[in-house]
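Participant: Quick one, structure for this:
(chains A, B and C)
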Amino acid sequence: MTREGYVNSALVAALIGVPLWAHVAGEPFTITLATRAVIFALAAVGLNLALGLGGLVSLGHAVFFGIGGYAMGILAYHAQIYSPMFPDTLAIEGTKSMPVIWLVAILCSALAAFVIGLLSLRTTGVYFIMITLAFGQMFYYFTISWSAYGGEDGLSIYIRNSFPGLNTLVPIQFYALCFALLGGALWLSARIARSPFGLMLNASRQVPHRVETVGLNGQRAKLLAFVISGAITGLAGALFADLNRFVSPTMFSWHMSGEIMIFVILGGVARLFGPVAGAVLFVAMEHVLGDLSDYWHIYLGAVLLGIVLFARGGVIGLLAGQAKGHD
Amino acid sequence: MTEPVLDIRGLTKHFGALVVSDEIDLSLRPGEIHAVIGPNGAGKSTLIAQICGTLAPDAGVIRLNGQDVTRLPTRARARMGLARTFQISALAMEDTVLQNAMLGALGAAGNPWRLFSRAISDKALRASAEAALDRVGLLDKAAMRTSDLSHGERRQLEVAVALTLKPAAFVMDEPMAGLGAEGGQRMTALLDQLRHEAPILLVEHDMDAVFALADRISVLVYGRIIASGPPDAIRTDAAVRDAYLGEDA
Amino acid sequence: MSAILIVEQVLNGLQFGVMLFLMAAGLTLIFGVMGLINLAHGSLYMIGAFIAATVAGLTGSFLLAVVAAMAAGAMAGALIEMTVIRRLYHTDHLDQVLATFALILIFSEGTRALFGSFPLYLDTPALLSGPVTLPGGIEYPRYRLALIAAGLAVALGLWLLIAKTRIGIQIRAGENDREMIAALGVDIRTLYTFVFALGAALAGLAGALVGAIQSVQVGMGEPVLILAFVVIVIGGIGSIKGAFVGALIVGLTDTLGGVFLPELFKLFMEPASATQIGASLSSMAIYLLMAAVLIWRPTGLFGVRT
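Facilitator: Numbering: from 1, shown residues only, chains lettered A, B, ... in the order given. Model (predicted):
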């Protein structure tokens, strides 16, 4: 096994071992922290597909995170008030079923990613960054003005949604669901990275003109990567809303986009487990430094600056050397 | 005489007042190497860009195997068998040599939208890529990172990627650029063989290679073809000597 | 709806637009000359506002407050340019985004630690408070009119600086060809620091001027920053003229959309839902505008087309 393999294994072992220990020891707060880390990791795994493989520096992934969150919030809200959406016309009933909510979250965020990607991919470089950022802001202000679903105050959901055969109110069971979904997303990323599509995408990032001259449509490859990426981040948003039983426009804020990007960078871009390591580290810092100081973001900023200026491979790069994650 | 594989008629392109392609007629017949030479700024790069579809001409027609491709995008021309090599290597440097060759094979196979199978396990892709690498003498370096290749090896890999496309015609942009004497000879020998696979439109500065390889030479000066013919005729052409070759030839 | 309301709102839109221009000019200059995307530009705006509020509180002089805000912006800009930004010129945009995002975290939390979370207030100077009566009997706040004048004056000054002075020639050369300007014997490091500090001073100025009509608080720079991005995307990155035109378009669209879209919908809808839909749509109007410009011209109105 490579050094990166050991680092990854240790990470997975910790993500299984620590919550199990916390469950036995009766420390539900630790499980909640781990759940938060795993959900952030899922969002970042989504971004990493666009950023690491496709080279798309999206500063608007909070859009998908927020759409996933609102998909959960809106469906659960209608189930909670026993009143359908569009009562006069379509009369869509709300639901408290996680699988249905997840599906809606994935579909809606994929659709949004398709439209945003179609427009944004007309541009490259710094334009792409600014445009994705601006689209994020558009959704942010839209939800603030959307008073039917709480506007700026957001929506509270009283009881966590349900999953067949599990009691999602038990922290470890909800954690297990999130962990399984993260595993699925990592598996998907690993497959894509090694697939013919991944080969095309990878080359589109490095030498876009080459890809066209061998008869392939690199732009469309990037668009598909962006859509899958948005869908995964959207699923994470639905889980995050379920964890907090609350959604608000802040899920769309550009700080959220920045943080999802930070997860990827802290861990290491284009490394399969980079986003996981980054999210875990972020939540750990948030918890430990947050206890020490109200102004812990200063330290986060300093760490981030240090990594960008001096440790390009992120944490996994520091621990495992410069070798790349995928073959 | 056989039909030309690539046939260019009246190709014209202006940038403002500057004429970069002035009614260019050019053809490429099966089995031949047709070299295009000319001083810097003669319009060679813009000619290639128009042939390959990255720049739209103002007027004129480009036919590939009899079909009008003038308005088709780059990738459509590639699918019809137009294989281009770049003057400055356009290779995925982070990927392996084999992966670069497989990218070409993937384009030729036309089935890239597979997200779950492993590219490396696709026997057809791999066979095509390895055959092309073998052809240019890079098979033993297949697993190397492309950024670790020497300059000469990158030029060879460029040709290998083009080969995986099962081309109808090659368009090569200065394949000898930056090669030393030995590398140049190896590349010359390789191109000499490749002409039997598909004819080559060779844009090149290296005159030794051009006169050794070319069946026909066209001389491009200020966007116009001032002379076209077999090497011996070009060597003695007065207009060419005046405009370009000077006393060196 | 009266003509007076329309004139008032157009003036409000212009005022917002020229303030956006002060932000966008710095951003686009920094990108044009150094190729750097600077997310921390909003922090410099915030610093300007906080320094202005503090100095005005201590001295009672608005003019001194504005000068101090510009100086503080320029100094903070020069400081981060020399310590951090300089290392980012040759890296990719991703690194620039992350490093300048890190700077935002440091600046925002640092300001919160120093000044607390409660907003500060900056009073408009006595000389400029109260309304002024415009031709046609329209009353309009004197201060906002002064902002428009100040913004236009800065735009003119910036144009003169870039078109007519030696340093302007160097800046334009830097946009076109970095090697050439080094060959001309210009000290490129000093030039870069100057350009960054200039952009930062403009951001500080904008913060101070706007600080008098809204509360001064942590995070105030970010909405403006993102609008300034929209401005330069619409105008074309690197183009000062584009930033000016884009800023006015965005300022007017945002202001007029917020007022008139709900009114427009009231013509054929019941008032409650018209207000709702109008408000939602106007909050998205500038982004829809941006998307439309992009479809039409992917590099903005005055951007270099490739």
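Participant: only C-alpha atoms for contact and neighbour calcs from this point on.
Facilitator: Fine.
Participant: need the contact list for residue 102.
Facilitator: Going with chain A. A:G68, A:M72, A:L235, A:A238 (C-alpha atoms under 8 Å, 6 or more residues apart in numbering or on different chains).
Participant: oops, I was thinking of chain B
Facilitator: B:M102 neighbours (C-alpha under 8 Å, 6+ apart): B:L125, B:R126, B:S128, B:A129, B:V161, B:T164.
Participant: 6 Å instead, please
Facilitator: B:A129 (C-alpha atoms under 6 Å, 6 or more residues apart in numbering or on different chains).
Participant: before we move on, what about B:F116?
Facilitator: B:F116 neighbours (C-alpha under 6 Å, 6+ apart): A:R191, A:S195.
Participant: can we see that at 7 Å?
Facilitator: Going by C-alpha atoms under 7 Å, 6 or more residues apart in numbering or on different chains, B:F116 touches A:R191, A:I192, A:S195.
Participant: what does C:A24 give?
Facilitator: C:A228, C:V231, C:I232, C:A243.
Participant: again, only using 10 Å
Facilitator: Going by C-alpha atoms under 10 Å, 6 or more residues apart in numbering or on different chains, C:A24 touches C:18, C:30, C:41, C:199, C:202-203, C:224-233, C:235, C:237-240, C:242-244, C:246-247.
Participant: give me the element it is part of.
Facilitator: helix C:3-34 (DSSP states H and E).
Participant: Toward the C-terminus, what is the element adjacent to that helix?
Facilitator: helix C:41-59.
Participant: angle of that next one against helix C:3-34?
Facilitator: 110 degrees (axes from the mean of the first three to the mean of the last three C-alpha atoms, to 10 degrees).
Participant: Show me the shaky parts of the stretch 51-200 of chain A.
Facilitator: For the stretch 51-200 of chain A, not a single residue meets the criterion pLDDT under 70.
Participant: Flag every residue of it that's near chain C.
Facilitator: By the rule C-alpha under 10 Å from any C-alpha of the partner chain, the part of the stretch 51-200 of chain A lying against chain C is A:51, A:55-59, A:116, A:118-131, A:133-148.
Participant: Filter the residues you listed down to the buried ones.
Facilitator: For those, a burial check counting by 16 or more other C-alpha atoms under 10 Å in any protein chain shown picks out A:51, A:55-59, A:116, A:118-121, A:123, A:126-131, A:133-146.
Participant: ok so B:E23 is a strand residue?
Facilitator: Yes - assigned with DSSP: H, G, I helix; E, B strand; the rest coil, B:E23 falls within a strand.
Participant: For it, the count of nearby residues, please.
Facilitator: 18 (other C-alpha atoms under 10 Å in any protein chain shown).
Participant: ok, back up a step: show me the contacts of A:W102 that map onto helices.
Facilitator: A:G68, A:M72, A:L235, A:A238 (DSSP state H).
Participant: isn't the last one right next to A:A105, touching?
Facilitator: This points to A:A238. Yes - taking C-alpha atoms under 10 Å as the definition, A:A238 is a contact partner of A:A105 at 6.4 Å.
Participant: any residues in contact with both of the two?
Facilitator: In contact with both A:A238 and A:A105: A:F64, A:F65, A:G66, A:I67, A:G68, A:G69, A:Y70, A:A71, A:M72, using C-alpha under 10 Å, 6+ apart.
Participant: Just give me the closest of those residues to chain B.
Facilitator: A:F64 (21.7 Å; C-alpha to the nearest C-alpha).
Participant: could you list every residue that touches that closest one?
Facilitator: A:F64 neighbours (C-alpha under 10 Å, 6+ apart): A:43, A:46, A:70, A:105-106, A:108-113, A:136, A:139, A:227, A:229-238, A:251-252, A:257.
Participant: doesn't A:G278 make contact with A:E286?
Facilitator: No - the pair A:E286 / A:G278 is not scored as a contact, 12.0 Å apart, by C-alpha under 10 Å.
Participant: residue with max distance from the center of chain B?
Facilitator: What lies farthest from the middle of chain B is B:F116; by C-alpha atoms, centre = their mean that is 33.7 Å.
Participant: Tell me where the chain has helices.
Facilitator: Going with chain A. Going by DSSP H, chain A shows helices at A:3-25, A:28-48, A:62-80, A:98-120, A:125-145, A:171-194, A:196-206, A:208-213, A:218-244, A:254-267, A:274-292, A:296-310, A:314-320.
Participant: right idea, wrong chain: chain B
Facilitator: B:44-52, B:74-79, B:97-109, B:123-136, B:151-164, B:181-194, B:207-213, B:231-236, B:238-240.
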